[in-house]
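[1] With the input below, show me the fold.
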Amino acid sequence: MTAGEQAEGPYVVGIDTSTQSTKALVVDVATGRVVASGQAPHTVTTGAGRESDPRQWWEALLSALEQCGPYARQAAAVSVGGQQHGLVTLDAAGEPVRPALLWNDVRSAPQARALVERQGGPAWWAERTGSVPGSSFTVTKWAWLAQHEPEAAKAAAAVRLPHDYLTERLTGEGTTDRGDVSGTGWWAAGPEAYDEEILGLVGLDAAKLPRVVGPGEVAGTVRGDALPFARGTLVAAGTGDNAAAALGLGLRPGTPVLSLGTSGTVYALSPRRPADPSGTVAGFAAAHGDWLPLACTLNCTLAVDRVAALLGLDREAVEPGGTLSFLPYLDGERTPNLPGASGLLTGLRHDTSGGQLLQAAYDGAVYSLLDALGLVLDGEGEGDENEPLLLIGGGARGRAWQETVLRLSGRPVRVPEAKELVALGAAAQAAGLLTGEDPAAVARRWGTARGPLLEPVAKDHETLARISGVLSDAAPLLDGTPVTD
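    Residues are numbered from 1 along each chain as shown. Prediction:
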C-alpha cells in the first residue's frame, strides 16, 4: 500500500461505526490501497448511562461517505464493522424507540447477576453461549430495559446491534453476522442459532431479531438513491469491531492481539470454541468461521488520558520509579468483573512525582490486559512467548504505551503500520464477496499487518507482583462498591 501504487479496481467501502465516530475507507481490491476516506463524530451521553442516538450514526455515515467524493459511487461492495453489544430498539417504522444503550453502559450489572444466578451459575452460560453475560452484553441491557422502561421494550418491533442498524439502513433488510451476534448473550454457540430458552428468560420474541448471514454470504444490495452508492451495490454481512479488526489484520490462529482504545481488548483466533466459566474470556465467533476468544477491559486509553489531564501532563510525560500502584477502574470494570468499582491508588509518598503517578496508570491498564491475555491464550497451550504481540488501536503508536507493554509482557511487539483496522477488515469482507477469497486472506495479500518489530526487554516482575498484590488485597473493597438496580 505504498504511495506510488496505482489503483486497479474494483473499489470497496469499509465502514467502522465506533463509540465516538463513524469512519469510511474506499479501498482498491487489487492492491489494498486506500483511495479515499472520511470521518464524522457521534455524541455519547455521560453520567449514569452511556447512550447514543442511532440516527446520528447514519448521519455520520453519510457525512463520511460524502468526504470520500466520487470514489464511493464507484464501489462494487460495502461492509459495516461496528461497536459490539449495543442495544438498538426500533419501532414498526424502523425509527429508534429510544437512544441505543452502548457497550460501556454498566447499569445492567444487577440484571447480569440475576440472569447468571437464575441458570445456576456461569458454567451454564459459558457452555451455552460461549460467554458469561456481564453488564456489557446485549441480553442484560434488554433485561434492564424491560424492567426500567417497559413501555419502550413493548414498543420495540425490532432489536438490533449498532452494525445491524446501519446495514439495514443500506439494504432495507434486518441482518446480522455470527461475529457480532455471538456477543449478545442470546445466541447459542453450539448450534449457532438464537437460543429460545434465553430469549424466554428475558421476554424477547425471536421474530424481532435479525437474520444471521453466514460468512461469505451477501446481506443485500444498496437501496434508494440518497446514498453515494450505485443502486444494487453489494452489501456484506458486516461484523463487530473486534472481529472486523481480526479480519483487517489477516489474523492466523494463535497470534495474540492487544488493542489499546477507549476500552482495551486482547484476543487470538482459535479453531476451538471457547467456554470460560469464569466469564473473563468471552467466546466470540470470528466473522469468517473460526472463533475469537477475547477479553475486554473498560478502562484503557481514556483512563490514562484522564489521569494525565488531572495532573496537567502530556500523556507521554511518564517517569520511572516509585512505589505506586493504580487500578484505573474509572468506569467500573469488566475484566476483572467489577462494574461498580472506582479507581484505586496506593503507595503514594512525599517524593512521588506526577510522572510516576501517570506511569502507574499505564501500568495498571496494561496489567489488566496482559492478565486477561494469559487466559485467552491458555486454550492455545499458553501461546508462544516468542510470537510478537500485535499492538493496535489508538494508543499503539504512543511511546509510553509501547514501552509499558514491552516491559510488563517481556515479549516482542509488532505495531502494524495500517490504520483503521476495523474499517479495513470490513473492506476485506466486502472484497471477499467480489473475489471469493477468505477476507483474512485478502488482508494478508494487502499486507495490513506489516510494521516495525520492537525487540523484547526483561519482564518487570516487581511491578507485576505489586499490582497483583494490591488487586488481591483490595478485592473486598472493590467488590463492595454498591450498584443500584
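[2] in this structure, which helix or strand is least confident?
    Across the helices and strands of the chain, the lowest-confidence element by mean pLDDT, DSSP states H and E is helix 461-479, at a mean of 90.
[3] now Val27, what's its secondary structure?
    strand (DSSP: H, G, I helix; E, B strand; the rest coil).
[4] so it touches Leu424, yeah?
    Yes. With contact defined as Cβ atoms under 8 Å, Val27 reaches Leu424; the gap is 7.0 Å. C-beta here means a position set from N, CA and C on the backbone, and glycine is covered the same way.
[5] Low-confidence stretches in the chain?
    1-7, 225-226, 379-384, 479-485 (pLDDT under 70).
[6] any idea how far the closest residue to Ala474 other than its chain neighbours lies from Ala475?
    Nearest non-adjacent residue to Ala474, counting by Cβ to Cβ, 6 or more residues apart in numbering: Leu344, 5.7 Å away. For Leu344, the distance to Ala475 equals 11 Å [Cβ to Cβ, to the nearest Å].
[7] between those two, which one's more packed in?
    Using other Cβ atoms under 10 Å as the criterion, Leu344 and Ala475 rank with Leu344 on top: 16 against 13.
[8] What's the separation between the more buried one and Leu408?
    18 Å.
[9] And Leu251, by the same measure?
    23 Å.
[10] When those two are compared, which one has more neighbours?
    Between Leu251 and Leu408, counting by other Cβ under 10 Å, Leu251 is the more crowded of the two (27 against 22).
[11] Please list all residues in contact with the closest residue to that one other than its chain neighbours.
    For Leu251, ignoring the flanking residues on the chain, the nearest one in space by Cβ to Cβ, 6+ apart is Leu269 at 4.8 Å. Residues near Leu269 by Cβ atoms under 8 Å, 6 or more residues apart in numbering: 246, 251-255, 286, 290-292.
[12] and if you look at Thr262?
    The contact partners of Thr262, taken as Cβ under 8 Å, 6+ apart, are 19-20, 104, 300-302, 394.
[13] Isn't Ile392 up against Leu258?
    Yes. Here Ile392 lies in contact with Leu258, judged by Cβ under 8 Å, at a distance of 7.4 Å.
[14] re earlier: gap between the residue nearest to Ala474 and Pro328?
    For Leu344, the distance to Pro328 equals 9 Å [Cβ to Cβ].
[15] Not counting its neighbours along the chain, what's nearest Asp195?
    Spatially, and ignoring its direct neighbours in sequence, Asp195 is nearest to Ala188 (4.1 Å; Cβ to Cβ, 6+ apart).
[16] do Val413 as well
    Excluding its sequence neighbours, the residue lying closest to Val413 (Cβ to Cβ, 6+ apart) is Leu454, at 4.4 Å.
[17] Assess the claim that that neighbour and Arg414 are in contact.
    Yes. With contact defined as Cβ under 8 Å, Leu454 and Arg414 form a contacting pair (7.3 Å).
[18] next one: stretch 238-255 to chain centre, how far?
    Centroid separation between stretch 238-255 and its chain, computed with Cα atoms, centre = their mean, to the nearest Å, is 11 Å.
[19] list the contacts for Arg414?
    Contacts for Arg414 (Cβ under 8 Å, 6+ apart) come out as 388-391, 449, 451-454.
[20] Equivalent analysis for Leu25, please.
    Leu25 sits in contact with 13-15, 34, 36-37, 420, 423-424, 427, where contact means Cβ under 8 Å, 6+ apart.
[21] Kindly provide the distance from it to His288.
    Taking Cβ to Cβ as the measure, Leu25 falls 19 Å from His288.
[22] Over to Gly398?
    The span separating Gly398 from His288 equals 30 Å under the rule Cβ to Cβ.
[23] Among the two, which residue is more densely surrounded?
    Higher neighbour count among Gly398 and His288: His288, with 25 against 18, using other Cβ under 10 Å.
[24] and the more buried one, what helix or strand is that in?
    Under DSSP states H and E, no helix or strand contains His288.
[25] Grab the nearest non-local neighbour of it.
    With sequence-adjacent residues excluded and distances taken as Cβ to Cβ, 6+ apart, His288 is closest to Pro215, at 4.8 Å.
[26] tell me the secondary structure for the one you found?
    Put simply, Pro215 is coil when judged by three-state DSSP.
[27] heads up, I number from 330, so please use that
    New numbering, starting at 330: the last item is Pro544.
[28] and it, how many neighbours does it have?
    There are 20 residues near Pro544, going by other Cβ under 10 Å.
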